[in-house]
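Asks: Attaching a predicted model along with its sequence, questions to come.
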Amino acid sequence: MAPDPSTPLRCRLLLEQWRQQLVLSGREHAVVEGLLGAFDRQLLRLQSQHLKVAVFGRVGVGKSTLLNALLGHDAFATDVAHGCTRHQQAQPWHQAIAGLQRVELVDTPGIDEIAAAGRARLAGRVALGADLVLLVLDGDLTSVELEALEALLASGKPLLLVLNRSDCWPAGEQAALIASIRRRLPQKARHLELVAVAAAPRRASVLADGRVRSSVEAPRIGPLREALVALLEQHGELLLALNALRSADRLHHQLQRWRLSHSRQAAQSLIGRFAALKATGVAANPLVLLDLAGGLACDTALVLQLCQLYGQKMHSTSARALLTRLSGHNALLGGAQLGIQVVLSLIRQLLLVAAPLTGGLSLAPAAPVAIAQAALAVHTTRRTGRLAAAELIKGAERGGKPGALMRRLSHSDPQVRQWLNTWQHQSPASPRSSLQALLP
């Protein structure tokens with residue numbers, strides 16, 4: 001019996017299948033063109049086992065120097081002036097990593113550059129394309145670094161914290177600094193590994209004339225190199241797979257929200273037609289049981305039509321179950337609706353029965369009662385349609401193979417769960433206000 005495929009391989013096969021089955025119209029392709037390109041590039045990197053490691057940090061913390069130390073030569077520009085890195089730069093890391101064909105180190109501009117909003121956006125784009133992020137510090141955590149850390153955690157990026165210039169503190173002070181950094185970390189970041197290095201250590205010496213000079217020593221980055229190699233050999237392919245899944249899920253959600261937004265007007269028209277149909281039937285029919293049976297049939301048909309509109313598969317039994325669940329959440333759709341309809345129908349029947357005895361005078365109030373029934377039917381149908389649409393929209397946004405696969409991985413793998421527990425794929429707007437914008 002052949003062994004079960006590894007998790008990264010299963011992810012790759014499922015994502016390849018999902019991509020092949022993704023059919024887009026011309027307008028849909030234009031809407032998701034950017035995310036589609038990003039996903040295709042990430043899928044290609046997963047297939048070719050090409051992993052990217054990006055560094056983040058404030059200006060002047062030694063990001064480029066640290067990468068040069070890892071590479072073993074000066075490939076990234078460094079300067080005593082702050083802000084030497086102005087654009088994304090990438091270099092291959094010729095370090096043998098089991099399971100990976102290529103590892104690339106990516107340098108980014110400083111996150112606290114003055115008037116550098118464009119560079120900040122560039123750094124954000126790099127973060128989305130990186131499979132692992134090194135957040136480089138050179139002292140205690142600043143507010144800017146805490147904001148960057150929160151943003152990186154929210155993006156679902158696996159992180160390593162690197163304390164550069166550790167040679168600047170004696171052993172006791174360094175231990176106190178690391179303890180202070182850990183205390184300032186958000187609760188969800190307390191698990192992050194923190195590695196102390198010195199990318200360009202300097203030794204001070206006193207000359208014969210009493211002057212003090214410093215000389216550059218060999219980089220002391222062994223702990224970081226060892227941590228990186230161990231992490232990438234153990235989880236490198238999984239990191240690539242998770243980033244591809246995140247990219248696919250972002251694409252799925254943007255496409256799904258556009259489709260849902262595009263369906264809003266059609267749903268409004270559909271609900272309006274069923275409301276008119278139900279109101280007409282209730283107003284014309286004098287029998288209570290027929291009113292109730294006809295109303296249930298109309299609502300069931302409406303839910304089925306909405307399911308088709310929103311691309312959700314559902315049969316009539318499921319539609320009635322959804323109606324029952326909705327009724328439980330809304331009294332007007334439950335007992336209140338039935339009670340009012342029954343009372344109004346009985347009043348109308350009594351007026352009709354009394355017509356021969358009153359010479360037809362009792363029929364005069366029957367019309368307002370029928371209008372009241374019709375108005376209630378319109379209101380409840382619109383309410384039913386809106387609640388059903390809300391349930392279907394939530395289901396559509398929860399659906400999709402990429403997100404479902406990530407949830408399964410999170411449940412089965414503690415390491416994946418730790419990486420994904422802070423990931424936010426939703427837009428900055430609150431879920432409630434975002435849902436309201438899609439409702440008919």
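Replies: Good, I have the coordinates.

Asks: can we go C-alpha only for contacts and neighbour counts from here?
Replies: Will do.

Asks: Sheet-wise, list the partners of the lengthiest strand in the chain with their directions.
Replies: Criterion DSSP state E: the longest strand present in the chain is strand 50-57. Paired neighbours of strand 50-57 in the sheet (DSSP bridges): strand 102-107 (parallel), strand 132-137 (parallel).

Asks: how about the strands in the protein?
Replies: Assigned strands in the chain, in chain order: 50-57, 89-92, 102-107, 132-137, 159-163, 194-196, 202-206, 212-216 (criterion: DSSP E).

Asks: Mind giving me the packing neighbours of the second one?
Replies: Packing contacts for strand 89-92, counted by 3 or more Cα pairs under 8 Å, 6 or more residues apart in numbering; DSSP states H and E, involve strand 102-107.

Asks: Any stretches of the protein with poor pLDDT?
Replies: 1-4, 78-88, 113-127, 204-215, 263-264, 274, 277-296, 309-401, 421-440 (pLDDT under 70).

Asks: Can you show me the helices along the stretch 151-300 of the chain?
Replies: 171-184, 222-284, 288-309 (DSSP state H, counting those that start in this stretch).

Asks: Next, the angle from the shortest one to strand 132-137.
Replies: In this structure, helix 171-184 runs at an angle of 120 degrees to strand 132-137, with axes from the mean of the first three to the mean of the last three Cα atoms, to 10 degrees as the basis.

Asks: Return the set of buried residues in helix 171-184.
Replies: By neighbour count, and taking 16 or more other Cα atoms under 10 Å as the criterion, the buried residues in helix 171-184 are 174, 177-178, 181-182.

Asks: any chance of those in TSV, with distance to Glu193 too?
Replies: Listed next are the buried residues of helix 171-184 as TSV, based on distance: Cα to Cα, whole Å:
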residue	distance to Glu193
Gln174	16
Leu177	15
Ile178	11
Ile181	12
Arg182	10
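
Asks: ok, so of these, who is nearest Trp419?
Replies: Of all the buried residues of helix 171-184, Arg182 has the smallest distance to Trp419: 18.1 Å, by Cα to Cα.

Asks: nearest residue to that closest one other than its sequence neighbours?
Replies: Arg190 (6.7 Å; Cα to Cα, 6 or more residues apart in numbering).

Asks: Tell me, how many residues neighbour the nearest residue to Leu224 once chain neighbours are set aside?
Replies: Nearest residue to Leu224 in three dimensions, chain neighbours excluded: Val195, at 6.1 Å (Cα to Cα, 6+ apart). The number of residues packed near Val195 is 19, by other Cα atoms under 10 Å.

Asks: Val195 against Leu161, yeah?
Replies: Yes - if you go by Cα atoms under 8 Å, Val195 and Leu161 touch, sitting 6.3 Å apart.

Asks: what's the domain layout of the chain?
Replies: Listed by automatic domain parsing, the domain ranges of the chain are 47-220, 255-436.

Asks: and the direction of the longest strand of the chain versus that of strand 159-163, what angle?
Replies: Going by the same axes, to 10 degrees, strand 50-57 makes 50 degrees with strand 159-163.

Asks: Give me the contacts around strand 50-57.
Replies: Contact partners of strand 50-57, identified using Cα atoms under 8 Å, 6 or more residues apart in numbering, comprise 45, 63, 100-111, 123, 126-127, 129-137, 145, 236, 240.

Asks: Just the buried subset of those, please.
Replies: Buried among those by 16+ other Cα under 10 Å: 45, 63, 100, 102-111, 123, 126-127, 129-137, 145, 236, 240.

Asks: if we can go back for a sec, return the closest of the buried residues of helix 171-184 with respect to Gln17.
Replies: Nearest to Gln17 out of the buried residues of helix 171-184 is Arg182 (Cα to Cα; 42.7 Å).

Asks: My guess is Cys11 contacts Ala241. True?
Replies: Yes - Cys11 lies in contact with Ala241 (Cα under 8 Å); the separation is 6.2 Å.

Asks: quick one, which of those two is more surrounded?
Replies: Ala241 (27 against 23).

Asks: distance of the more buried one from Asp40?
Replies: 13 Å (Cα to Cα, to the nearest Å).

Asks: Ala154 now?
Replies: 22 Å.

Asks: what number of residues lie near the closest residue to Val103 other than its chain neighbours?
Replies: Spatial nearest neighbour of Val103, excluding adjacent residues (Cα to Cα, 6+ apart): Leu51 at 4.9 Å. Applying other Cα under 10 Å, we find 25 residues neighbouring Leu51.

Asks: Kindly report the same for the one 10 residues further on.
Replies: Applying the criterion other Cα under 10 Å, we find 19 residues in the vicinity of Val61.
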